[in-house]
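[1] Below are the sequence and a predicted model for it; my questions follow.
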There are 2 protein chains.
Amino acid sequence: MRSPQVLRNGGGDNRSPTPGFHSTVAERKLRRFNSLILFFRLISFSFSFASFVFMLTDTRDSDSPHWYDFESFRFVLAANAIVAVYSVFEMGALVWEISRGVTIFPEVLQVWFDFGHDQVFAYLLLAASAAGTSTARTLRHADTCTDSIAFCVQSDIAISLAYAAFLFLGFTSLLSGFRVVCFIVSGSRFYL
Amino acid sequence: MRSPQVLRNGGGDNRSPTPGFHSTVAERKLRRFNSLILFFRLISFSFSFASFVFMLTDTRDSDSPHWYDFESFRFVLAANAIVAVYSVFEMGALVWEISRGVTIFPEVLQVWFDFGHDQVFAYLLLAASAAGTSTARTLRHADTCTDSIAFCVQSDIAISLAYAAFLFLGFTSLLSGFRVVCFIVSGSRFYL
């Protein structure tokens, strides 16, 4: 098993003064892998932020219904806000890692933190989307959507965007799960 | 890395004629680990089957509402039925593996099959439970639950049981994920 020891622990730049060919290759591969995760996180953030905005602005005059009248829609808004904020934090951490070569937290904490939160937030987003779908379908069967078609269409769009964000967060969770496996295998996030 | 080669591939009993001390220990550990997974699967099955039965019998006279009147409740019923059937199959496969020492499918397929299905069905069950919760809360705000309190209580119980089944399926998914890691690490499900 390869176990490159350079650029391991978070907090300080413990870069080897003369990194060998092996560690340079591993470093480049890790940077490419991290860029892929960054790309997925960016898409996940875009969808969750768009969903948040669509839901937040899903209110018109006082006669038509508002998003905050429905528990599930409040849940969709909150879940998307949490995922968007988390994605921004994670993107910052990844940019830091790619540019400086070290993780913000100690390595073992970082890989488990990422994987654990990806899993939990993916579940959260799916639960919110499913609850939102249920309410949206109930409204469609009631007369609400006949009277305020724009409200229903906009909430449908917000929920669809939340599903898309969940999908990409799920992909990201697989990639961060792979980083955990790498860590278990080699004691470093470099096993690629 | 240890990589015991006995009892690896599914389909046939390719047991070593004189298994050494190392493989016997690994085998005993694997059996204990599999028994733990079996225990979690049994609990997950019990909850999902109970939830299925509670939802299926949530119908009284023709005046009160029925579970099949609501899309989300049909989803809860279907998801629990799928998870219960899957759990029975997986328990059978595990009992086979524990008693005979070999997996039903080839080992690589088996570990990925278990982990993949655990993940997908955990998501399915959570989505169903969240959708069911949303509908149950809507009914509570409407007058349905004032008129048919027993119907609402029983559907609440069914949904709570579905959440419990999801929780234990989630735990099982972590354990089967660990088996995948073992397989990646050592090329065998024996790395413990």
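    Perfect, I can see it now.
[2] From here on, just use CA atoms for contacts and neighbour counts.
    Fine.
[3] Just the element for the closest residue to A:Cys152 other than its chain neighbours, please.
    Once flanking residues are discounted, A:Cys152 sits nearest to A:Cys145: 5.8 Å by Cα to Cα, 6 or more residues apart in numbering or on different chains. Assessed by DSSP states H and E, A:Cys145 sits inside helix A:144-147.
[4] And the average pLDDT for the helix or strand following that helix is what?
    Note on helix A:144-147: by DSSP H and E, the next helix or strand toward the C-terminus is helix A:149-186. Taken as a whole, helix A:149-186 has an average pLDDT of 91.
[5] So A:Ile104: helix, strand or coil?
    Assigned by DSSP: H, G, I helix; E, B strand; the rest coil, the conformation of A:Ile104 is coil.
[6] coming back round to it: state the distance from the residue nearest to A:Cys152 to chain B.
    16 Å (Cα to the nearest Cα, to the nearest Å).
[7] I'd like to know how many residues surround A:Phe40.
    Neighbours of A:Phe40 under the rule other Cα atoms under 10 Å in any protein chain shown: 23.
[8] Which helix or strand contains it?
    Going by DSSP H and E, A:Phe40 is part of helix A:21-56.
[9] In the helix or strand following that helix, which of the residues would be classed as buried?
    Sequence-wise, the next helix or strand downstream of helix A:21-56 (DSSP H and E) is helix A:71-100. Residues of helix A:71-100 classed as buried: A:71-84, A:86-87, A:90-91, A:93-95, A:97-98 (neighbour count, 16 or more other Cα atoms under 10 Å in any protein chain shown).
[10] Which secondary structure elements does the helix holding A:Phe40 sit against?
    helix A:71-100, helix A:149-186 (3 or more Cα pairs under 8 Å, 6 or more residues apart in numbering or on different chains; DSSP states H and E).
[11] who does the last one touch, helix- and strand-wise?
    Under the contact definition 3+ Cα pairs under 8 Å, 6+ apart, helix A:149-186 sits against helix A:21-56, helix A:71-100, helix A:107-141.
[12] Make a markdown table from those helices and add mean pLDDT to it.
    Shown next, in a markdown table, are the helices and strands packed on helix A:149-186 (pLDDT from 0 to 100):
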| stretch | mean pLDDT |
| --- | --- |
| helix A:21-56 | 89 |
| helix A:71-100 | 95 |
| helix A:107-141 | 93 |
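[13] Output those as CSV; include the columns distance to B:Ala122.
    Below are those laid out as CSV (distance: least, Cα to Cα, whole Å):
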stretch, distance to B:Ala122
helix A:21-56, 21
helix A:71-100, 19
helix A:107-141, 9
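[14] Of those, which is nearest A:Ala158?
    Proximity to A:Ala158 (Cα to Cα) singles out helix A:21-56 among these, at 4.4 Å.
[15] Helix A:107-141 and the closest one, what's the angle between them?
    Orientation check (axes from the mean of the first three to the mean of the last three Cα atoms, to 10 degrees): helix A:21-56 against helix A:107-141 gives 30 degrees.
[16] Helix A:21-56: which residues count as buried?
    A:23, A:26-27, A:30-31, A:33-35, A:37-38, A:40-52, A:54-56.
[17] likewise stretch A:163-177?
    A:163-177.
[18] So what touches that stretch?
    Stretch A:163-177 has contacts (Cα atoms under 8 Å, 6 or more residues apart in numbering or on different chains) with A:37, A:40-41, A:43-48, A:111, A:114-115, A:118-119, A:121-122, A:125-126, A:129.
[19] Swap in 7 Å and give it another go.
    Among residues not part of stretch A:163-177, those counted as contacts by Cα atoms under 7 Å, 6 or more residues apart in numbering or on different chains are A:37, A:40-41, A:43-44, A:47-48, A:111, A:114-115, A:118-119, A:122, A:125-126, A:129.
[20] what's the nearest residue to the closest residue to chain B within chain A if we skip its chain neighbours?
    The nearest approach of chain A to chain B comes at A:Ala131, 4.3 Å away (Cα to the nearest Cα). Using Cα to Cα, 6+ apart and skipping residues adjacent in sequence, the residue nearest A:Ala131 is B:Ala131, 4.3 Å away.
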